[in-house]
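A.B. asks: sequence first, predicted coordinates after that:
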Amino acid sequence: MTKLRLGLNVGYWAGGPPPGIEETVAEAERVGFDSIWCAEAYGSDALTPLAWWGSRTQRLRLGTGIVQLSARQPTATAMAAMTLDHLSGGRFVLGLGASGPQVVEGWYGRPFEKPLARTREYLGILRDVWARGGPVTSDGPAYPLPLTPDAGQPGVSGLGKPLKSSIRPLREDIPVFLAAEGPKNVALAAELCDGWIAMLLDPQERFYADALAEGFSRDGARRTPEDFEVAAMVPLVVHDDVEAAVDRVRPFYALYFGGMGAKGRNFHANVAIRMGYEEHVDRIQALYLDGRKDEAAAAIPSELIQRMALLGPADKIRHDLAAWEDSFVTTLLVDGDAETVRQAAEIVLG
């Protein structure tokens, strides 16, 4: 049975900085949280808030949950990681993810193709930058370094040359977590990374345990199951009425099952489909994409939500927590205000 850690999941902003966030971050450090995590989509970025709030903390690890691959060249991400790791005294965790075609092609103007191969190439460049074994070169098709005229891109001067980072990293082994939901991506996380960022997770499902085992079994796997971290985004709502708690998080699941991605190309919806809720997902997506978001949220079975969240009276949450402690999960990432942080610490950390 794993003694779970807690992380504060700030996510990405809804219009502006989360109300009361500085109090919440301070409370998370005071009550024993291990980390704070920030995300990005097409609004707030994941790195700047960590620098700002990290300067007001001493112990919390600072994780990106996630930095999107297509938002930055791998060398730019490597630079940001080294910089934040130095400034925080070695507290930075780089969470990466491929995002989806709507954001990648619609916001970043990049093709969403071969995400597994791109991720592998991206990770290799990151580690070469941090190792500083020499000037960084890469012959991969997605991120060639240096860029030469024969790369087939117009306007290349031919003057580029391999470079080595001008600063030494505080840590050459800055931890990298991969956000993934499909089995191939989860296996890639186990093979090449230090951790996996999970969401929409039922801790009793064997599906992901098998995918992780596949990655750990590959030649040259970076970690073993014993020293690999799994940080799972888990809504936690303490409430005397279980169904009222479920209703609190319905909009979150409606967004991810119904509104993230196009119909038939929604990686989040695939999670619920694999769990046996395909008919429900079809209805949720149809309602959400028709603008009937409240109806979409109401159409999500309470049972499905409860399998992926910790909801209800404190005693029920303590009972349900056992499934998470018996799983491969090492950290619960919870969101909420300072009161939620206090409640989570009391229940999970004891």
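C.D. replies: Sure thing, it's come through.
A.B. asks: wait, Thr77 sits on Phe92?
C.D. replies: No - using C-beta atoms under 8 Å, Thr77 is not in contact with Phe92; the gap is 11.6 Å. In this view, the C-beta of every residue, glycine as well, is placed from N, C-alpha and C.
A.B. asks: which one of these two has more residues nearby?
C.D. replies: Taking other C-beta atoms under 10 Å, Thr77 and Phe92 do not tie; Phe92 has more neighbours (26 against 23).
A.B. asks: may I have the beta-bridge partners of that one?
C.D. replies: Beta-bridge pairing for Phe92 (DSSP bridges): Leu62.
A.B. asks: remind me, longest helix of the chain?
C.D. replies: When the chain is parsed with DSSP state H, its longest helix is helix 115-131.
A.B. asks: in that one, what's buried?
C.D. replies: Of the residues in helix 115-131, 115, 118-119, 121-130 count as buried by neighbour count, 16 or more other C-beta atoms under 10 Å.
A.B. asks: what is the subsequent helix or strand relative to that helix?
C.D. replies: strand 176-179 (DSSP states H and E).
A.B. asks: what average pLDDT does the helix or strand that comes right after that next one get?
C.D. replies: Next helix or strand after strand 176-179 toward the C-terminus (DSSP H and E): helix 183-192. The average of the pLDDT scores along helix 183-192 is 97.
A.B. asks: whichever helix or strand comes after helix 183-192 pairs with which strands, parallel or anti?
C.D. replies: Later in the chain than helix 183-192, the nearest helix or strand by DSSP H and E is strand 195-199. With DSSP bridges as the test, strand 195-199 is paired with strand 176-179 (parallel), strand 229-233 (parallel).
A.B. asks: quick one, helices of the stretch 201-350 of the chain?
C.D. replies: For the stretch 201-350 of the chain, the helices defined by DSSP state H, counting those that start in this stretch occupy 207-216, 242-254, 267-274, 278-289, 293-298, 302-308, 314-325, 338-344.
A.B. asks: least confident of those, on average?
C.D. replies: Averaging pLDDT over each of those puts helix 267-274 lowest, since it has a mean of 90.
A.B. asks: how far off helix 207-216 does that helix point, in degrees?
C.D. replies: Angle between the axes of helix 267-274 and helix 207-216 is 110 degrees (criterion: axes from the mean of the first three to the mean of the last three C-alpha atoms, to 10 degrees).
A.B. asks: buried stuff in helix 267-274?
C.D. replies: For helix 267-274, a neighbour-count test (16+ other C-beta under 10 Å) marks Phe267, His268, Ala269, Asn270, Val271, Ala272, Arg274 as buried.
A.B. asks: which residues touch the first one?
C.D. replies: Going back to what we said before, that points to Phe267. Each residue near Phe267 by C-beta atoms under 8 Å, 6 or more residues apart in numbering is listed here: Gly100, Glu181, Gly182, Met260, Gly261.
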